[in-house]
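*Asks:* can't give you the sequence, but here's the structure:
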DNA sequence: ATGTTAGGTAACCAAGAGGTAACAGGGTAA
DNA sequence: TTACCCTGTTACCTCTTGGTTACCTAACAT
């Protein structure tokens, strides 16, 4: 299990991370909200543990941002302030639990486990990330290094198919059968489809991700 | 939403039930563990709130019993004992949350809502806000940047459906099945419904919130 | 080297998804 | 009754889409 811990007090964070490790809970660590959001773009976590009081971007704002991004990962707040309105605010922003400092590390671990367990019952792969490419299946959106990319239905179909098999090669007939199940497609259709997808995904000056292997098929992966 | 409250102190129970009612949470009530189990056989609840200290069958035993019966309904413990080992025990038995007395009724309500939401994957909130758009479910009103917007019943249905899934996409057939459950709707009905809703919500010079993704569906979100 | 072939690039165009507007029937309130 | 609103229907328009074709390029075989 992998969680994201966002906490500006380094010593407390270290203590927490060490303890959670003994419970089989791995931590990624961010010391402020902005870095947390950055990590969230790249990785997928089972739970997010958020300190409320942080420099730059406080926990509430981070939580709000996360939810507006459509990320439904469980969020637990940690805070020294045992204030009802704060708690209610946190829950209203989409938090799943709220623990006030000082707390026992064992309790934190137990609550994290619970959230992760509940989540995994509902969790189906919702996002795919590769390099600066992100596919959000729920929002049906694709971004490359932050920029939104509009895909047509067939392009989306091809991309998700490649993503599902990434970084492996998918051979052309498999793709054709997947996208055009009924018809026997003319040989060139896939050719142009790939070209169009590539020009949308890889047109930038960033590393290209859509690779064709002559005679074998097509793969979505980082270049080596 | 319907929850089961198991609590032996009648006066506290009544207080709790009354308050939860104001939050739109209905309660079934059992005053001990045996009666709780009896009710659980008959009904289905969104959340179970369990007092730990009860005569005849204590909360932990009830929890254990519930889980061995294969019932996965979220369970929240209430107890006066703020003891770490008790908490850990509770979580180990399959609890989802643990609140120590004395607690604020608002916090209890908020935590119950969260558990129910996770469980049913349905958003139960009084209000939904996105950009300058506000939906007040209790007042059944919609405003865009302060201006009141009058929606017809079907329009309201569509908007709330989109809001519930926001910012995720909802595909057209899902919407059609949701709004016209019985009939097989003619293909154009949704088209005009969306048009009418959009012209009410997005007619201003503000960012448009109703987005259609060709071949995929419709989403309510802020544009990027 | 030269021919052959898999794959890349670019333009064209018909089909269809979706947007817009107007109309009509049925229900409801004054 | 009349007037109005809601909603289903239809017609028309616009723009995306995806299939087609032609031509180019690079890898591979002989």
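*Replies:* Cool, got the structure. Keep in mind that what you see is a predicted model, and the values were worked out from it rather than measured.

*Asks:* C-terminal to the one helix or strand residue A:190 maps to, what's the next element?
*Replies:* According to DSSP states H and E, residue A:190 maps onto helix A:187-201. Heading C-terminal from helix A:187-201, the first helix or strand you meet, by DSSP H and E, is strand A:210-213.

*Asks:* Spell out which residues of chain A are next to chain B.
*Replies:* Neighbours of chain B within chain A, by Cβ under 8 Å from any Cβ of the partner chain: A:68-70, A:74, A:84, A:87-88, A:91-92, A:95-97, A:104, A:106-107, A:110-111, A:113-114, A:118-119, A:121-122, A:138-141, A:148, A:152-153, A:156. Placement of C-beta: from N, CA and C, glycine included.

*Asks:* Now the buried members of those residues.
*Replies:* A:68, A:70, A:74, A:87-88, A:91-92, A:95-97, A:110-111, A:113-114, A:118-119, A:138-141, A:152, A:156 (16 or more other Cβ atoms under 10 Å in any protein chain shown).

*Asks:* filter those by proximity to DNA strand D?
*Replies:* Among those, proximity to DNA strand D is found for residue A:152 (Cβ under 7 Å from any atom of the strand).

*Asks:* I'd guess residue A:151 is in a helix, am I close?
*Replies:* No. Under DSSP: H, G, I helix; E, B strand; the rest coil, residue A:151 sits outside any helix and is assigned coil.

*Asks:* Not counting sequence-adjacent ones, nearest residue to it?
*Replies:* Leaving out its chain neighbours, the residue that sits closest to residue A:151 by Cβ to Cβ, 6 or more residues apart in numbering or on different chains is residue A:142, at 5.7 Å.

*Asks:* quick one: the one you found is in a helix?
*Replies:* No. Counting by three-state DSSP, one finds residue A:142 to be strand, located in no helix.

*Asks:* So what's the predicted local confidence for it?
*Replies:* Here the pLDDT value assigned to residue A:142 is 94.

*Asks:* show me what contacts it?
*Replies:* Listed by Cβ atoms under 8 Å, 6 or more residues apart in numbering or on different chains, the contact set of residue A:142 reads A:133, A:134, A:135, A:136, A:148, A:149, A:151, A:156, A:159, A:201.

*Asks:* which residues does the nearest residue to the fourth one once chain neighbours are set aside contact?
*Replies:* Spatial nearest neighbour of residue A:136, chain neighbours left out: residue A:127 (5.4 Å); criterion: Cβ to Cβ, 6+ apart. Residue A:127 makes contact with A:44, A:134, A:135, A:136, A:137 under the criterion Cβ under 8 Å, 6+ apart.

*Asks:* Mark which of these are buried, thanks.
*Replies:* Neighbour counting by 16+ other Cβ under 10 Å classes A:134, A:135, A:136, A:137 among these as buried.

*Asks:* Can you lay out the residues you listed as JSON lines showing secondary structure?
*Replies:* Shown next, in JSON lines, are the buried ones among the contacts of residue A:127 (three-state DSSP):
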{"residue": "A:134", "secondary structure": "strand"}
{"residue": "A:135", "secondary structure": "strand"}
{"residue": "A:136", "secondary structure": "strand"}
{"residue": "A:137", "secondary structure": "coil"}
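
*Asks:* Chain A: helices as residue ranges?
*Replies:* In chain A, the helices defined using DSSP state H lie at A:10-22, A:33-42, A:59-68, A:84-92, A:105-122, A:153-165, A:172-179, A:187-201.
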